[in-house]
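*Asks:* Kindly return the folded structure for what I paste below:
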Amino acid sequence: MAFVSTSTHSAQSAQSRSKPLEPALVKLALAIAVGTLAPILDLTIVNVAIDTLQHRLHTSLATIQWVSTGYVLAVAMTIPVSGWAFQRFGARRSWMVSLTVFVAGSALCGVAWSTGSLIAFRIFQGIGGGMLLPLAQTILASAAGRERLARIVPFIAIPSQAGPVLGPVIGGLILSNASWRWIFYVNVPLVLVALALAWRTVPQTEVNADRRLDVRGLALLSPALALLVYGFSEAGVTGGFDHTNVIAPLAAGLAILAAYCVHALRSRLEAPLNLRFLRFRGYATSSAMMFLSGVMLIGGLFVLPLYYQQARGASALQAGLLLAPQGVGVAIGALGAGRLADKVGASARVVALAGMVLITAATVPYVLATAHTGEALLSVVLLARGAGLGLLVIPMTTAAYIGLPHSAIPSATTGVRIFQQIGGALGTAILAVIVQHALPATPSPHLIAHAFDTTFAWVLGLTALSFVPALLLPGRDQDGLSRRRRPA
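*Replies:* Sure, this is the predicted structure:
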């Protein structure tokens with residue numbers, strides 16, 4: 001048996017990086033990017049509209065928050081099904097069905113006649129939305145292959161990271177100029193375009209008709225994730241982790257998750273979240289990075305609008321516009337990371353650490369900010385923070401597949417997305433509790449600014465934790481298959 005040497009494979013990798021991407025692959029990536037943009041924008045647009053919905057539907061905040069919470073719970077419960085659906089029904093059918101469910105749910109939300117009907121339609125919409133992001137990553141990873149993955153990830157990294165920044169701007173514009181129903185109707189034309197593009201570009205991959213769904217594993221994992229997300233959400237609402245409606249779901253979620261872990265390690269079927277993949281260094285470190293990125297990005301996007309609104313007196317629309325530099329930075333960082341991998345073959349570890357340094361450095365000015373800190377300075381800092389997040393996306397995404405067979409891509413993608421979802425819920429809950437306790441009973445500009453300084457100090461601490469898995473990401477000599485033996 002002959003094997004390809006490290007130097008030979010490195011030369012092949014360099015040659016692969018120098019070749020332009022095929023037009024068909026670029027068209028596929030663009031089609032997928034359009035499809036992923038709708039659910040990402042939707043979540044942040046709706047969050048901006050919660051106050052408006054409460055008044056227009058004449059209900060309480062505790063009730064109307066289920067418009068967001070119900071959607072997030074549906075997403076959490078649906079993600080574990082995506083890997084199985086890709087293998088059982090193929091790429092095109094799974095993608096188009098998910099888009100159809102999402103756009104149908106969006107249209108139904110637009111015609112909702114009561115709070116109850118809106119919540120029910122949001123849950124239905126979340127079933128489609130929960131499938132889209134993991135399916136997008138799976139489709140592109142399968143089509144691009146490991147060698148070209150770093151160059152294709154920016155197509156979904158940019159909408160995935162910039163969408164939450166642009167959403168508040170769009171939401172503010174809609175609520176200022178049109179009926180609240182348009183926060184849902186705006187999804188319809190975008191998804192119809194995505195469906196038309198998908199029909200022409202997304203391949204119908206090989207279908208495994210014998211692929212069995214691990215029903216017992218799904219019956220354990222999905223409720224466990226939903227309970228954990230719900231518990232973290234309630235912690236943010238109640239302002240602490242010492243309430244019964246926080247402790248009970250978290251305890252139940254952890255207990256069911258433990259039962260799932262036992263089942264997953266014993267089952268002969270491939271579990272929805274394959275714990276055996278954690279023995280691969282790339283997948284384990286990528287999962288840790290995904291978890292912490294959820295804390296940094298989603299948690300940070302919870303704190304930043306509040307900071308601009310409460311500490312600096314901005315409106316919802318103004319806060320969204322002030323967050324726009326972060327979206328621009330994400331685009332720059334993601335494209336830069338792809339270029340580094342393309343031109344010089346920079347390792348996942350080097351690119352990730354560069355991103356972490358930028359994110360950390362850009363968080364410090366918010367810790368030290370006062371009520372009189374200039375907005376121009378903070379905008380430049382936010383641009384740098386976004387660039388750091390963009391740099392981080394590609395290495396933590398591509399590292400997940402190092403050492404895994406091609407057939408494991410759907411399951412691996414599902415796994416890292418689950419870790420990110422839980423990280424985002426935990427980060428939002430922790431920071432919501434910190435903000436609530438730090439804000440003074442008698443507001444004053446100085447005390448409010450100090451409260452957010454304390455909150456951003458926690459953001460800085462949580463960000464620093466990400467250096468540990470970043471340092472453990474594969475180096476250049478371990479990227480791709482450079483050290484992996486393969487038959488000539």
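
*Asks:* The closest residue to residue 202 other than its chain neighbours - how many residues pack around it?
*Replies:* Closest residue to residue 202 apart from its sequence neighbours, by C-beta to C-beta, 6 or more residues apart in numbering: residue 92 at 4.4 Å. In this view, the C-beta of every residue, glycine as well, is placed from N, C-alpha and C. Using other C-beta atoms under 10 Å, residue 92 is surrounded by 16 other residues.

*Asks:* Quick check: residue 92 vs residue 207, distance?
*Replies:* Separation of residue 92 from residue 207 (C-beta to C-beta, to the nearest Å): 10 Å.

*Asks:* Next up, the contacts around the closest residue to residue 137 other than its chain neighbours.
*Replies:* Distances taken as C-beta to C-beta, 6+ apart put residue 413 closest to residue 137, at 4.7 Å, once the chain neighbours are dropped. Neighbour list for residue 413: 82-83, 134, 137-138, 141, 400 [criterion: C-beta atoms under 8 Å, 6 or more residues apart in numbering].

*Asks:* Now with 7 Å, please.
*Replies:* Residues in contact with residue 413 (C-beta atoms under 7 Å, 6 or more residues apart in numbering) are 83, 134, 137-138, 141.

*Asks:* For the stretch 351-488 of the chain, give me the ranges with low pLDDT.
*Replies:* 441-443, 475-488 (pLDDT under 70).

*Asks:* Past the helix or strand where residue 318 lies, which element shows up next along the chain?
*Replies:* Taking DSSP states H and E as the criterion, residue 318 maps to helix 316-343. Heading C-terminal from helix 316-343, the first helix or strand you meet, by DSSP H and E, is helix 348-368.

*Asks:* What helices and strands are in contact with that following helix?
*Replies:* Judged by 3 or more C-beta pairs under 7 Å, 6 or more residues apart in numbering; DSSP states H and E, helix 348-368 is in contact with helix 316-343, helix 375-398, helix 445-465, helix 467-472.

*Asks:* looking at those, which is buried most?
*Replies:* Each of the helices and strands packed on helix 348-368 was scored by mean neighbour count; the highest is helix 375-398, a mean of 24, by mean count of other C-beta atoms under 10 Å.

*Asks:* Just the CA coordinates for that helix, please, in CSV.
*Replies:* Provided in CSV are the C-alpha atoms of helix 375-398 (Å, rounded to 0.1, in the frame of the first residue of the first chain):
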residue,chain,number,x,y,z
GLU,A,375,-19.6,57.5,19.1
ALA,A,376,-17.1,57.8,16.3
LEU,A,377,-14.5,56.0,18.4
LEU,A,378,-17.0,53.3,19.4
SER,A,379,-18.0,52.8,15.8
VAL,A,380,-14.4,52.1,14.8
VAL,A,381,-14.0,49.7,17.7
LEU,A,382,-17.2,47.9,16.7
LEU,A,383,-15.9,47.6,13.1
ALA,A,384,-12.8,45.9,14.6
ARG,A,385,-14.9,43.6,16.7
GLY,A,386,-16.9,42.6,13.7
ALA,A,387,-13.7,41.9,11.8
GLY,A,388,-12.6,39.6,14.6
LEU,A,389,-15.8,37.7,14.6
GLY,A,390,-15.5,37.3,10.8
LEU,A,391,-12.0,35.9,11.1
LEU,A,392,-13.2,33.5,13.7
VAL,A,393,-16.1,32.0,11.6
ILE,A,394,-14.0,30.1,9.0
PRO,A,395,-11.5,28.3,11.2
MET,A,396,-14.0,27.2,13.7
THR,A,397,-16.3,25.9,10.9
THR,A,398,-13.7,24.1,8.8
